[in-house]
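Q: Let's see this in three dimensions:
(chains A and B)
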Amino acid sequence: MPIVLRGARPYGEDAADIVIADGLIVEIAPVGSASGEVIDCEGLVALPGFVDLHTHLREPGREDAETVESGSRAAALGGYTCVHAMANTSPVADTAGVVEQVWRLGERTGLVDVRPVGAVTVGLAGERMAEIGAMANSEAQVRVFSDDGKCVHDAALMRRALEYVKAFDGVVAQHAQEPRLTENAQMNEGILSGQLGLTGWPAVAEEAIIARDVLLAQHVDSRLHVCHVSTAGSVEVIRWAKSRGVNVTAEVCPHHLILTEDLVASYDPIYKVNPPLRTAADIEALRGALGDGTIDAIATDHAPHPHEDKDCEWGAAAFGMLGLETAFSIAMKTMIEPGLLDWRGLADRMSVAPARIGRVREQGHELAVGSIANIALVDPSATRVISSDRLASKSRNTPYASMELPGAVVHVLYGGNLTVRDGALA
Amino acid sequence: MKHLLSAGDLDRDQAITILDTAAELAALTDRSVKKLPTLRGRTVVNLFFEDSTRTRISFEVAAKRLSADVINFAAKGSSVSKGESLKDTALTLEAMGADAVVIRHNLSGAPHRLATAGWIGGSVVNAGDGTHEHPTQALLDAFTMRKHLRDGTGDLEGVRVGIVGDVLHSRVARSNVLLLRTLGAQVTLVAPPTLLPLGVETWPCDVSYDIDSVLPRLDAIMMLRVQGERMHDAYFPSALEYSRLYGLDSARMSTLPDHAVILHPGPMNRGMEISADVADSPRALMVEQVANGVSVRMAVLYLLLGGMKEND
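A: Here you go, the predicted model:
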């Protein structure tokens, strides 16, 4: 029996009945005219299912923090139908074997499309290239390669990686962090780091690598993606590169759109993240860049950590925060509410653009007859108070605990099947 | 006030109360029987994650002179080195009924965490955390300066203090800048640009790269310890060049006003930031700083555990 999303508003536009059968959108009809298994979507905005370019699922190796299954649940509840699982697992996803294992775990869970990211270098060591071809040609069909967590800082190696992935229509997603400028770095370098006595992570350490990489990408005519852009200066470099026709894309994390370094004064490691929280001026530049398309996508950098790795001194704590289950609300608060993006714009930054960057053919489709039914139905009028105990992730390290955020993901369809219904796993 | 985490937490009246109390306690213990019964039955834990003989002993003597029970807890390695976590250590101390925890830690903010994470109920005294702060050092420095440059009472209004050396990595400098400002002193930081933190121009003090231009107008100069190994991280070319440009030797000492005093938080690198003859000169107050440290720490423990009213 077909599923009827009754009264949903595609991209916030006129309400309609969206009819799903055999995994596809088969009809968009006037409200009340379609028949089948009716799901009440009155007042809900229908968007293409979100695609995350930057997720840490921690499996294999750190199943105490997250698994492909628990991370998939968190993703589905966040409105996602596809996540890119980062390569910094244990063992590292630097062989066809590991990426296929992650891909199969994703298939078995069946809640979202789990797309493994392959390491650029063996063991993320930054010394020699991993078997990128084997990963690209594996069942996982890897297209995004990243040493995320570490920067491919060797310029010659970065150049070769950019060249090599061209053979597979791949992209190198760079974690832009000049290592020597960020030794033992703990927070954004500025007035506050000097006062708190925490080693600074200067903006220039990110911007210098991005500047180098866009020039390399231009030189070898390849495709570069910049992970978690966090500074106003990085935005300027990327804007300049795009104006010169460089094939560069970029992502920004939800937390870099809303949280500032001032939170670090609490020394509470829940706010410890890499790249670090920056300043209000950086936030303004990042929001503007995401609005005008200089930054292409929102990516969560969902980074689960066991409680003990955050329940300690700042300097001893792990970097990273959860993101999958709150990303939509942060995007609504920071982009929709101020009018920087409309719903089509949000659909582009959270679904269409990331699917294109990751070359995920089955995702980011227009909500139209014939498209694969990957759909998130969100309630823009809802508000909710975030509780770290009520998240699907195995970890609790959300920086938004007890914050009231707008918007809620109500229903999600993945490949035509309901994964989330009424805000809970279906 | 319950904790002493930062020198910046103290307002002028609180700071002066601590200094005045230290002066009274110094007078009381300046006799053959040095002990006071004030903190009898109270437990003070010295929780030291970092080697520090002088500060630990200073706190130990201070607590014992107030008749507190003292537990020395030398934690070899924090959670960084996979030992027991700070949290579990704190819970242990809480279970033992610690009334105050004096903590020295290699990581900035650890005392703040201990005081605010909900692990313990007692008072927390920061005895030096990473490159952040060392408030009791600033208090003992202020106490020492007040004794020599004022009549041992009131604040330090108008006193000109130079702080020279590795400000970037110095918790002593941070606490001193904050406290001296509160007490009305004028501070000038002197260091090569590499050893000054970003944003230092926003601190409530002046900054100079040239020690010689600063010396003639100082009432007190505080030399910070500079680790020779810093040159390996390219903070300066060599120990010799540092010493030539920023070290205090007899020639430089002679350009100080006659009344000016010399302080150093210790341990000194003789021949690096301070020459041996300067260190041994009568104007150098290092030994007295150590004695004053005990009085100031007695005052802090007394006021935290005996009750110091918040100023409203």
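Q: hang on, residue A:290 packs against residue A:257?
A: Yes. Contact criterion C-beta atoms under 8 Å: residue A:290 and residue A:257 qualify, at 7.2 Å. Heads up, the C-betas are built off the backbone N, CA and C, glycines and all.
Q: of these two, who's got more company?
A: residue A:290 (28 against 22; other C-beta atoms under 10 Å in any protein chain shown).
Q: can you give me phi and psi for residue A:400?
A: phi -100, psi 10 (degrees, to the nearest 10).
Q: likewise residue B:250?
A: Torsion angles, degrees, to the nearest 10, at residue B:250: phi -60, psi -40.
Q: Three-state assignment for the closest residue to it other than its chain neighbours, please.
A: Nearest residue to residue B:250 in three dimensions, chain neighbours excluded: residue B:277, at 5.3 Å (C-beta to C-beta, 6 or more residues apart in numbering or on different chains). Put simply, residue B:277 is helix when judged by DSSP: H, G, I helix; E, B strand; the rest coil.
Q: residues bridging contact with residue A:290 and residue A:257, i.e. touching both?
A: A:298, A:335 (C-beta atoms under 8 Å, 6 or more residues apart in numbering or on different chains).
Q: And the helix or strand hosting residue A:72, what does it pack against?
A: Per DSSP states H and E: residue A:72 is located in helix A:68-77. If you count contacts as 3 or more C-beta pairs under 8 Å, 6 or more residues apart in numbering or on different chains; DSSP states H and E, helix A:68-77 packs onto strand A:50-55, strand A:80-85, helix A:96-109, strand A:404-414, strand A:417-421, strand A:424-425.
Q: Minimum distance to chain B: which of these has it?
A: Closest of those to chain B is strand A:404-414, at 23.0 Å (criterion: C-beta to the nearest C-beta).
Q: Buried residues, the closest one. List them.
A: Under the neighbour-count criterion of 16 or more other C-beta atoms under 10 Å in any protein chain shown, strand A:404-414 has A:405, A:406, A:407, A:408, A:409, A:410, A:411, A:412, A:413, A:414 buried.
Q: what about the residue most central in space within chain A, distance to residue A:109?
A: In chain A, the residue lying closest to the centroid (C-alpha atoms, centre = their mean) is residue A:299, at 2.3 Å. Residue A:299 sits 21 Å away from residue A:109, going by C-beta to C-beta, to the nearest Å.
Q: One more: residue B:57?
A: Distance from residue B:57 to residue A:109, by C-beta to C-beta: 59 Å.
Q: Those two: which is more packed in?
A: residue A:109 (18 against 15).
Q: tell me the contacts of that one?
A: By C-beta under 8 Å, 6+ apart, the neighbours of residue A:109 are A:68, A:69, A:72, A:73.
Q: repeat for residue A:338
A: Here residue A:338 is in contact with residue A:287 (C-beta under 8 Å, 6+ apart).
Q: Distance-wise, check it relative to residue A:406.
A: 12 Å.
Q: what sits against residue A:426?
A: Per C-beta under 8 Å, 6+ apart, neighbours of residue A:426: A:417, A:418, A:419, A:420.
Q: Can you tell me which of these is nearest residue A:101?
A: residue A:419 (22.2 Å; C-beta to C-beta).
Q: Now do the contacts for the closest residue in space to that closest one that isn't next to it in sequence.
A: For residue A:419, ignoring the flanking residues on the chain, the nearest one in space by C-beta to C-beta, 6+ apart is residue A:76 at 4.3 Å. For residue A:76, the contact set (C-beta under 8 Å, 6+ apart) comprises A:111, A:112, A:412, A:414, A:419, A:420, A:425.
Q: show me where pLDDT drops low in chain B?
A: B:76-83, B:307-312 (pLDDT under 70).
Q: In it, mark out all the strands, start to finish.
A: Secondary structure of chain B (DSSP state E): strands located at B:43-48, B:69-74, B:100-105, B:123-129, B:160-164, B:186-190, B:206-208, B:220-223, B:261-263.
Q: now these as a markdown table including mean neighbour count?
A: A markdown table is the format used below for the strands of chain B (neighbours: other C-beta atoms under 10 Å in any protein chain shown):
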| stretch | mean neighbour count |
| --- | --- |
| strand B:43-48 | 24 |
| strand B:69-74 | 16 |
| strand B:100-105 | 27 |
| strand B:123-129 | 26 |
| strand B:160-164 | 24 |
| strand B:186-190 | 23 |
| strand B:206-208 | 14 |
| strand B:220-223 | 27 |
| strand B:261-263 | 22 |
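Q: Serialize the ones you listed to JSON lines and add fields for distance to residue A:396.
A: Putting these into JSON lines (distance: least, C-beta to C-beta, whole Å) gives the following:
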{"stretch": "strand B:43-48", "distance to residue A:396": "27"}
{"stretch": "strand B:69-74", "distance to residue A:396": "29"}
{"stretch": "strand B:100-105", "distance to residue A:396": "25"}
{"stretch": "strand B:123-129", "distance to residue A:396": "25"}
{"stretch": "strand B:160-164", "distance to residue A:396": "43"}
{"stretch": "strand B:186-190", "distance to residue A:396": "42"}
{"stretch": "strand B:206-208", "distance to residue A:396": "43"}
{"stretch": "strand B:220-223", "distance to residue A:396": "45"}
{"stretch": "strand B:261-263", "distance to residue A:396": "47"}
